[in-house]
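J.: structure, please.
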Amino acid sequence: MGLQSMTGFGRAVADNAGAAIVWELKSVNGKGLEARLRLPPGCERLEQPVRQAIQKRFSRGNVQASLTLTRTGAQAQPVVNDEFLRDLAGLARRLEEQFGVAPATADGLLALRGVLDAPEAAESEEARAELDAAILATLDAALASLETARRDEGAALGELLLGHLGAIQTLTERAEADPSREPTAIRVRLAEQVKALLETGAPLDEARLHMEAAFLATKADIREEIDRLKTHVASGRALIAQGGPIGRKLDFLSQEFNRESNTLCSKSNAAAVTAIGLELKSVVDQFREQVQNLE
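T.: The predicted structure follows:
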């Protein structure tokens, strides 16, 4: 199962017994799955099956679904409310005579609410059921189009995330191989620091000083952070290979990456390792930013 982005667009068009059906779907990032529907008047009965169809396809993202339904067949003849129209016409004449307002026009009177009614043609239960089935079938095609768009972008995101994981691994290996971590280099640096303190002439216990220096050296060791970073890189690659809705898992993994890179920087006692840690933090931030787009 491949990766899916949470952003995409899908559209499908169909015709059923004189009714033009158009579905347009847009999807953007979201913590969970939220469907916002725009259905034409008279189609409220379809809200529940539409939501269920969206939930079957996706697990995360804010999905906006818009249905346009245009009747192209024969329409019922409009009905004029003659009594109401006569009352309005009489009122318009009185206003013209008493206040000198402009005379009313036929199109102006007919445009007033309640004067002209265009009733919908009677629709049998069988015809309505057939139309509903066509609307939902068109929705399924639009959902498939949206899913394809999300998968295409998800594949591109997967390659990008694998690149970030490769960079994290490279930086981790650089930190591991840095000469400042060699035991000889550590001993020389500590010996110089102890010597400098002893040369100050302060009353220091030399044995105790060596013990404290050894303790600090142990505390500054980044072996655990390096091992955990390597493990997290392997976990990230396994998740991406697994596919599916793994966005939340990768987001948690990015937090672990961030924690280890912060600790590496704080424990570092060499400028070279600190520089690697800062670069590592930058790559981890990029990784986490892209993960936010995954389902």
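
J.: helices of the stretch 101-250 of the chain, residue ranges please.
T.: For the stretch 101-250 of the chain, applying DSSP state H, counting those that start in this stretch gives helices covering 106-110, 125-177, 183-198, 206-219, 223-242, 247-267.

J.: residues contacting the fifth one, please?
T.: So that's helix 223-242. 1, 3, 158, 161-162, 165, 168-169, 172, 175-176, 246, 249-250, 253, 256-257, 260-261, 263-264, 267, 280 (CB atoms under 8 Å, 6 or more residues apart in numbering). Any C-beta I mention is one placed from the backbone N, CA and C, and that applies to glycine too.

J.: quick check on those residues: which are buried?
T.: 3, 158, 161, 165, 168-169, 172, 175-176, 246, 249-250, 253, 256-257, 260-261, 263-264, 267, 280 (16 or more other CB atoms under 10 Å).

J.: residue ranges with poor pLDDT in the stretch 51-200 of the chain?
T.: 72-77, 118-123, 180-200 (pLDDT under 70).

J.: residues contacting the closest residue to Thr138 other than its chain neighbours?
T.: Computed as CB to CB, 6 or more residues apart in numbering, the closest residue to Thr138 that is not its neighbour in sequence is Ala14, at 4.3 Å. With contact set as CB under 8 Å, 6+ apart, Ala14 has these partners: Ala20, Ile21, Ala134, Ala137, Thr138, Ala141.

J.: for the third one, which non-adjacent residue is spatially closest?
T.: The shortest distance from Ala134 to any non-neighbouring residue, by CB to CB, 6+ apart, is to Asn16 (3.7 Å).

J.: the one you found against Ala129, yeah?
T.: No. Look at Asn16 against Ala129 with CB atoms under 8 Å: they stay out of range, at 11.4 Å.

J.: higher neighbour count, the two?
T.: Asn16 (17 against 10; other CB atoms under 10 Å).

J.: the more buried one bridge partners, please.
T.: On the basis of DSSP bridges, Asn16 is bridged to Ala19.

J.: so how far is Asn262 from it?
T.: 59 Å (CB to CB, to the nearest Å).

J.: list phi and psi for Ile21.
T.: Dihedral angles of Ile21 (phi, psi; degrees, to the nearest 10) stand at phi -110, psi 130.

J.: ok, it - contacts?
T.: Residues near Ile21 by CB under 8 Å, 6+ apart: Val13, Ala14, Asp15, Leu67, Thr68, Leu69, Ala134, Ile135, Thr138.

J.: any idea which helix or strand carries the second one?
T.: When you say that, I think you mean Ala14. Taking DSSP states H and E as the definition, Ala14 sits inside strand 8-16.

J.: which parts of that strand are buried?
T.: Residues of strand 8-16 classed as buried: Gly8, Gly10, Arg11, Ala12, Ala14, Asn16 (neighbour count, 16+ other CB under 10 Å).
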